[in-house]
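Trainee: what follows is a predicted structure for the sequence shown.
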Amino acid sequence: MRCVFCGHEFEESDGVTGCGACPGGCHGIHCPKCGYKNIQEPVFLKRLKNMITKRNKEQTS
């Protein structure tokens, strides 16, 4: 995942979730470097990225 504010790349699991400041609960992932709240990627987008990455690796092998 890339922070849209500072550009830092990090794994979604490394981000801070559930800050508690948002009404109705925090559903974003906060950048571990700058703290900016990024929205979570939709599941279908994650799967599409994984498919493309896998295909690219297979083509270069």
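Mentor: Perfect, thanks for sending it.
Trainee: what ranges do the helices span in the protein?
Mentor: With DSSP state H applied, the chain shows helices at 43-60, listed in chain order.
Trainee: residue ranges with poor pLDDT in it?
Mentor: Low-confidence segments of the chain (pLDDT under 70): 61.
Trainee: let's see it at 80
Mentor: 17-27, 41, 61 (pLDDT under 80).
Trainee: ok, F10 to M1 distance?
Mentor: Remark: distance between F10 and M1 (CB to CB, to the nearest Å) = 6 Å. All C-beta atoms are positioned from the backbone trio N, CA, C, and that covers glycine.
Trainee: and for T60, the neighbour number?
Mentor: The number of residues packed near T60 is 6, by other CB atoms under 10 Å.
Trainee: show me where this protein has strands.
Mentor: Assigned by DSSP state E, the chain shows strands spanning 16-17, 29-30, 37-38.
Trainee: now the ones you listed as CSV including mean neighbour count and distance to C6?
Mentor: As requested, the strands of the chain are exported to CSV (neighbours: other CB atoms under 10 Å; distance: least, CB to CB, whole Å):
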stretch, mean neighbour count, distance to C6
strand 16-17, 13, 14
strand 29-30, 21, 12
strand 37-38, 18, 10
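Trainee: of these, which approaches R47 most closely?
Mentor: In terms of CB to CB, the element of those nearest to R47 is strand 29-30, at 17.7 Å.
Trainee: sheet-wise, list the partners of the closest one with their directions.
Mentor: When pairs are called by DSSP bridges, strand 29-30 turns out to pair with strand 16-17 (antiparallel), strand 37-38 (antiparallel).
Trainee: a markdown table for the ones you listed, including distance to G24?
Mentor: Rendered in a markdown table, the data for the strands paired with strand 29-30 read as follows (distance: least, CB to CB, whole Å):
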| stretch | distance to G24 |
| --- | --- |
| strand 16-17 | 14 |
| strand 37-38 | 14 |
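Trainee: among those strands, which is nearest G25?
Mentor: Each of the strands paired with strand 29-30 was scored for nearness to G25 using CB to CB, and the closest is strand 16-17 (10.1 Å).
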